[in-house]
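> Here is my input, please return the structure:
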Amino acid sequence: LGGTPELCASLTGVFQGMVKYECHFTNGTEKVRYVVRCIYNREQHMMFDSDVGHYVGFTPFAEKRAQYKNSDPAILEHQRTAVDWFCRTWYKIFTPFLTERRVPPSVSISLVPPSSSEPGPGRLLCSVMDFYPAAIQVR
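A predicted model of the protein is given here:
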């Protein structure tokens, strides 16, 4: 782009900006919390939490951005209502795949022969794999 090689070398780097949207559900959709995390280079600099109801900045620049966003009623209304239009809507779509999904375990039993360091009878190894949900009781 017309820069000198020395200048280009001094400006190289990887910069990552990320926005993370989270929905926290308690007892189905009885209590829902919506969180937006704004992250730059692995550091969270601003967030919106529906339980708080406004943006909070964690750096001087982000405090200004949060103040700007908090001064716009349309932006705040959009975020405050996301519990319904975003979280509860996606909950209905994904519930069958997440909370109602059942995958039976595959089970294998094998004999582990005694070793020279542990003499005595062999042991049985029971492996239970590829199941969902994670709660399982093996006897």
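> For the chain, give me the ranges with low pLDDT.
For the chain, the stretches flagged by pLDDT under 70 are 1-11, 99.
> go again using 50 as the cut-off
1 (pLDDT under 50).
> And the helices in it?
5-10, 60-70, 73-80, 82, 89-98 (DSSP state H).
> okay, the ones you listed in CSV with distance to residue 52 next?
The way it works is simple: take the backbone N, C-alpha and C, and place the C-beta from them, glycine included. Formatted as CSV, the helices of the chain follow (distance: least, CB to CB, whole Å):
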stretch, distance to residue 52
helix 5-10, 40
helix 60-70, 11
helix 73-80, 10
helix 82, 13
helix 89-98, 21
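> Comparing these, which comes out most buried?
Neighbour counts averaged per stretch over those are highest for helix 82, at a mean of 20; criterion: mean count of other CB atoms under 10 Å.
> returning to what we had before: looking at the helices of the chain, which is closest to residue 127?
With CB to CB, the closest approach to residue 127 among the helices of the chain belongs to helix 89-98: 25.4 Å.
> For residue 36, find the nearest of the helices of the chain.
For those, proximity to residue 36 was assessed by CB to CB; helix 73-80 is nearest, at 6.8 Å.
> which other helices and strands contact the helix or strand just after the closest one?
The element immediately downstream of helix 73-80 (helix or strand, assigned by DSSP states H and E) is helix 82. Packed against helix 82 by the contact rule (3 or more CB pairs under 8 Å, 6 or more residues apart in numbering; DSSP states H and E) you find no helix or strand.
> residues touching the residue most central in space within the chain, list them.
Nearest residue to the geometric centre of the chain (CA atoms, centre = their mean): residue 22, 6.9 Å. For residue 22, the set of contacting residues under the criterion of CB atoms under 8 Å, 6 or more residues apart in numbering consists of 34, 35, 36, 37.
> Tell me the spacing between the last one and residue 64.
If I follow you right, that is residue 37. When CB to CB, to the nearest Å is applied, the distance between residue 37 and residue 64 equals 18 Å.
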